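Novice: below are the sequence and a predicted model for it; my questions follow.
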Amino acid sequence: MPNTSDRPDAGRLYRRYLSAVMLHGHAAAKACGLGATDLYALNILELAGPMTPGELGTRTGLTTGPTTRLIDRLEQAGYVRRAPDPDDRRKVIVEPVGKPAQLDQVMDPVRRKIGDILADCPPEHLDALFDYFDRAAQAYQEAAERLRSGS
C-alpha cells in the first residue's frame, strides 16, 4: 500500500490549482478587454449553447439587472445576439456569435504548456484525470445549485 504521508496536502494543492486557474482567467479576460464575468459568460454559452437571459443569469450567479448589462456589453462587442425563442416568441435567447479575436492568442501559451503536461501522461492517468474532471464538474454544479437554492 502506498505511503500517503509522502504526498502533498491534497486540499492545499487543489486550492492552489483553482486559484491559479482563476487568476489566469481574470488575466486572460483583461488582456482581451473583457471583465472576468464577461469571459466566463462567453465560455458558458460556448459550452452549453444558446439560452435565455434567465438561464445565463443563473449559471453566472447574477441577478436580473447585472445579467441584462452583461448581455448588453457582449452584444455591443459583437460576441452574442438576442434572438426570439423558437418555442415561445415572447422570450428571447442569447446566442454566441463570436469570441474575442485575441482570445486564442492569449490562451495559446498555457494551452501549449498543458498539452505538453498531458502528453507526458500515460493513457491510464489521462483516463483517470478526465473522469475526475467530468465528475468534479458535476459535483461543483450540484453544489452551486444547492447554495443558490439555500438548501
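Specialist: Right, received. Where do you want to start?
Novice: only C-alpha atoms from now on, for both contacts and neighbour counts.
Specialist: Will do.
Novice: against residue 50, how distant is residue 41?
Specialist: When Cα to Cα, to the nearest Å is applied, the distance between residue 41 and residue 50 equals 11 Å.
Novice: then residue 70?
Specialist: Taking Cα to Cα as the measure, residue 70 and residue 50 are separated by 15 Å.
Novice: residue 91 belongs to a helix?
Specialist: No - membership of residue 91 in a helix is not supported by DSSP: H, G, I helix; E, B strand; the rest coil, which gives strand.
Novice: wait, it touches residue 55, no?
Specialist: No - taking Cα atoms under 8 Å as the contact criterion, residue 91 and residue 55 are not neighbours in contact, 11.9 Å apart.
Novice: show me where the chain has its strands.
Specialist: For the chain, applying DSSP state E gives strands covering 80-85, 88-96.
Novice: tell me what the shortest one is packed against?
Specialist: Same thing as strand 80-85. Secondary-structure packing of strand 80-85 (3 or more Cα pairs under 8 Å, 6 or more residues apart in numbering; DSSP states H and E): helix 64-76, strand 88-96.
Novice: can you list those in TSV and add distance to residue 37?
Specialist: Supplementary listing: those in TSV, determined by distance: least, Cα to Cα, whole Å:
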stretch	distance to residue 37
helix 64-76	8
strand 88-96	15
